[in-house]
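Asks: Make a model of this:
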Amino acid sequence: MKRLIAAAALASGLAAPAMAAPLCEDLGFAGLLAACNRGEDIPLTLASGQPLGEDVQLQSGAYYTLVITADGSAELAVEGASFFRAIWMNEIVINSIEIRPMAIDSIEFDKAGVVEMSFIAIKPGTHVLRIPGSTGESQQIKISIQ
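Replies: Numbering: from 1, shown residues only. Below you'll find the model as predicted:
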């Protein structure tokens, strides 16, 4: 279907519209959750005085896992309401317990632990995940959805 739209646009002399596409051609029965549509994991580290992580660029329509690891050095959280509203959350896994939320604003760690959040990137734009109350550049990451 996408190829037909692009071909029609080219035939009419118009430039093809920019389209976000999944990472693979044939998604099969699993749809957007197919293994071929999965991007690399996005690691974040919550540790007192340490950088949160690296800025990342995601493809709209692709499936990703955000892995947040807290070392327990301080009670820390990560927030980013605009990011959490620009994605469809499949699940959040905490201590092998799967949670399927409608929406979240932040995740807070009182002690060491790991949270894995799987999602599909939806809404294009640049979003910030940060440690609440922090002002340093290393205490935030920018996530761009293309």
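Asks: okay, CA-based contacts and neighbour counts for the rest of this
Replies: OK.
Asks: Between the two ends of stretch 84-104, how far is it?
Replies: Separation of the first and last residues of stretch 84-104 by CA to CA, to the nearest Å is 6 Å.
Asks: List the buried residues for that stretch?
Replies: 84-92 (16 or more other CA atoms under 10 Å).
Asks: Need the contact partners of that stretch.
Replies: Residues from elsewhere that reach stretch 84-104, judged by CA atoms under 8 Å, 6 or more residues apart in numbering: 81, 105, 114-124.
Asks: Name the member of these with the shortest distance to Asp26.
Replies: Using CA to CA, Ile120 is the member of those that lies nearest Asp26, at 16.9 Å.
Asks: Just the helices from this protein, written as ranges.
Replies: For the chain, applying DSSP state H gives helices covering 2-11, 81-84.
Asks: so where's this structure uncertain?
Replies: By pLDDT under 70, the low-scoring segments of the chain are 1-22, 27-30.
Asks: contacting residues for Val56?
Replies: Listed by CA under 8 Å, 6+ apart, the contact set of Val56 reads 42, 141-144.
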